[in-house]
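Engineer: Pasting a predicted model and its sequence here:
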Amino acid sequence: MPSNFYGRFQNFCLDSGNEHSTLPVCYLFSESPARGGQAPYFAVAPYAGNNACSLEGISLKGGGHLANLGSILFAFIAILVSLFLFWRSDRKKAAVGRREMQFFLVGYIIIEICEIFSIGGFPLDGAVRRVFAAIHIASIVATLWILMMNGAVGFQLIDDGTIVSIGLIFGSAAALFVGTGYIALDTGFSWTTYWVPTITAPNQAYALYTLYQLVPLIFLVVFFILETILVLRVLGEVRPMLYLVAAALFFAIGQIFQYVVSQYICRGTHGAINGGMFETLFTLLAVVSIWVFWSSITEDDWPSAPPGGSTYT
């Protein structure tokens, strides 16, 4: 791909739902109705006439629409499941990385709450939707950072659950959240003129593209590598890898639904649904698989680690 295409969101926003995109970043740009833009989102050259599909969802009284009811329902289910997993984690009193895993689940819950009010198409004022979209983006970056840190916790370089461990993870995640959130908010509200060139077509936002598209993927890959080393080299087990691989597959399938086949589902259902609801479902399955993986490599009766030693040895 030519380097001048790096950072462009226009095609992503077009393919992921047009007026009601399944990508929160798309609501920050001037073409979005959340910022006063006119639908259809990208019906301008050179993108006009390429069969972009606008998600319509279900009609509400007063002429409004609840665009992405499927995503809203699955997001609500994801919140309930995450709360249950949080409770189950708390019962594993001696499990390695228990607090860190709960921290990850809290981040995921925040993501799903934001999803209801950003990409869910829940009727909101445009400015409020942009705030939720910005928080959504920041939460994704921070939560996947926490997940990567969970991969490092298993090596017990620092005792898990301690003030130092939690403090380092929380502090670094908070820094990523604030930094990413500010860039997203400034893009969505143009508090300064620095990001103004990014809000119009082709929406070439290098910072947001790197933080929202590239950095989370790096965090996921590092997490997968760390956990693979932990399971195969340190624990000498194979079965937990089934859960880890399942999580990776579920996540990948969800992204395919969002980025590749969403517009085809939208056109096939005449704008009733698109790939967003399936992305939410498969991401939930990926999170559940990660929790099951973590649970499978932790036990409540691990012997106390010697000073400086590993709980696993």
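Structural biologist: Alright, I've got the coordinates.

Engineer: next structured bit after the strand or helix carrying Gly70?
Structural biologist: Secondary structure assignment for Gly70, by DSSP states H and E: helix 69-91. On the C-terminal side of helix 69-91, the closest following helix or strand by DSSP H and E is helix 98-117.

Engineer: Gly121 and Ala34: what is the separation?
Structural biologist: As defined by Cβ to Cβ, to the nearest Å, Gly121 lies at a distance of 10 Å from Ala34. Glycine gets a C-beta too; all of them are placed from N, C-alpha and C.

Engineer: Could you do Ala252 as well?
Structural biologist: Taken as Cβ to Cβ, the span from Ala252 to Ala34 is 29 Å.

Engineer: Tyr264 now?
Structural biologist: Distance from Tyr264 to Ala34, by Cβ to Cβ: 25 Å.

Engineer: go on, Leu226?
Structural biologist: Distance, Leu226 to Ala34, by Cβ to Cβ: 38 Å.

Engineer: Which of the two has more residues huddled nearby?
Structural biologist: Between Leu226 and Ala34, counting by other Cβ atoms under 10 Å, Ala34 is the more crowded of the two (25 against 18).

Engineer: Please enumerate the strands of this structure.
Structural biologist: For the chain, the strands defined by DSSP state E cover 58-59, 65-66.

Engineer: Could you identify which of those is most buried?
Structural biologist: Highest mean neighbour count of the strands of the chain: strand 65-66, a mean of 17 (counted as mean count of other Cβ atoms under 10 Å).

Engineer: what's around the closest residue to Leu28 other than its chain neighbours, how many residues?
Structural biologist: Excluding its sequence neighbours, the residue lying closest to Leu28 (Cβ to Cβ, 6 or more residues apart in numbering) is Gly188, at 3.9 Å. Gly188 is flanked by 27 other residues according to other Cβ under 10 Å.

Engineer: Just the pLDDT at Gly188, thanks.
Structural biologist: On pLDDT, Gly188 comes in at 94.

Engineer: ok now do it, which residues does it touch?
Structural biologist: Neighbour list for Gly188: Tyr27, Leu28, Arg35, Arg130, Val131, Ala133, Ala134 [criterion: Cβ atoms under 8 Å, 6 or more residues apart in numbering].

Engineer: Might you report the residue contacts of the residue nearest in space to the middle of the chain?
Structural biologist: In the chain, the centroid-proximal residue (Cα atoms, centre = their mean) is Ile140; its distance is 4.1 Å. Ile140 sits next to Ile111, Tyr212, Pro216 when contact means Cβ under 8 Å, 6+ apart.

Engineer: what's the distance between the residue nearest to the first one when sequence neighbours are not counted and Trp291?
Structural biologist: The one in question is Ile111. Leaving aside its chain neighbours, Ile111 sits nearest to Ser139 (4.7 Å; criterion: Cβ to Cβ, 6+ apart). From Ser139 over to Trp291 the distance is 18 Å, taken as Cβ to Cβ.

Engineer: With neighbour numbers in mind, choose between those two.
Structural biologist: Under the criterion of other Cβ under 10 Å, the comparison of Ser139 against Trp291 puts Ser139 first, with 26 against 23.

Engineer: Okay, the closest residue in space to Leu281 that isn't next to it in sequence and Arg35: tell me how far apart.
Structural biologist: Leaving aside its sequence neighbours, Leu281 sits nearest to Phe74 (Cβ to Cβ, 6+ apart; 5.0 Å). Phe74 sits 26 Å away from Arg35, going by Cβ to Cβ.

Engineer: For these two, indicate the residue with more neighbours.
Structural biologist: Neighbours were counted for Phe74 and for Arg35 using other Cβ under 10 Å; Phe74 has more, 24 against 18.

Engineer: who's in contact with that one?
Structural biologist: Counting by Cβ under 8 Å, 6+ apart, Phe74 has contacts Met277, Thr280, Leu281, Leu284.

Engineer: The third one reaches Gln258, doesn't it?
Structural biologist: No - the criterion here is Cβ atoms under 8 Å, and Leu281 misses it with Gln258 at 11.1 Å.

Engineer: returning to what we had before: may I see the contacts of Ile140 organised as TSV, with neighbour count added?
Structural biologist: Below are those laid out as TSV (neighbours: other Cβ atoms under 10 Å):
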residue	neighbour count
Ile111	26
Tyr212	24
Pro216	19
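
Engineer: count of neighbours near Val234?
Structural biologist: If you count neighbours by other Cβ under 10 Å, Val234 ends up with 15.

Engineer: distance of it from Phe257?
Structural biologist: For Val234, the distance to Phe257 - Cβ to Cβ - is 34 Å.

Engineer: Lowest pLDDT pick from the contacts of Gly188?
Structural biologist: Of all the contacts of Gly188, Arg35 carries the smallest pLDDT score, 83.

Engineer: re earlier: same list (the strands of the chain) but as JSON lines, adding distance to Asp125 and mean pLDDT.
Structural biologist: Formatted as JSON lines, the strands of the chain follow (distance: least, Cβ to Cβ, whole Å; pLDDT from 0 to 100):
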{"stretch": "strand 58-59", "distance to Asp125": "19", "mean pLDDT": "74"}
{"stretch": "strand 65-66", "distance to Asp125": "15", "mean pLDDT": "72"}
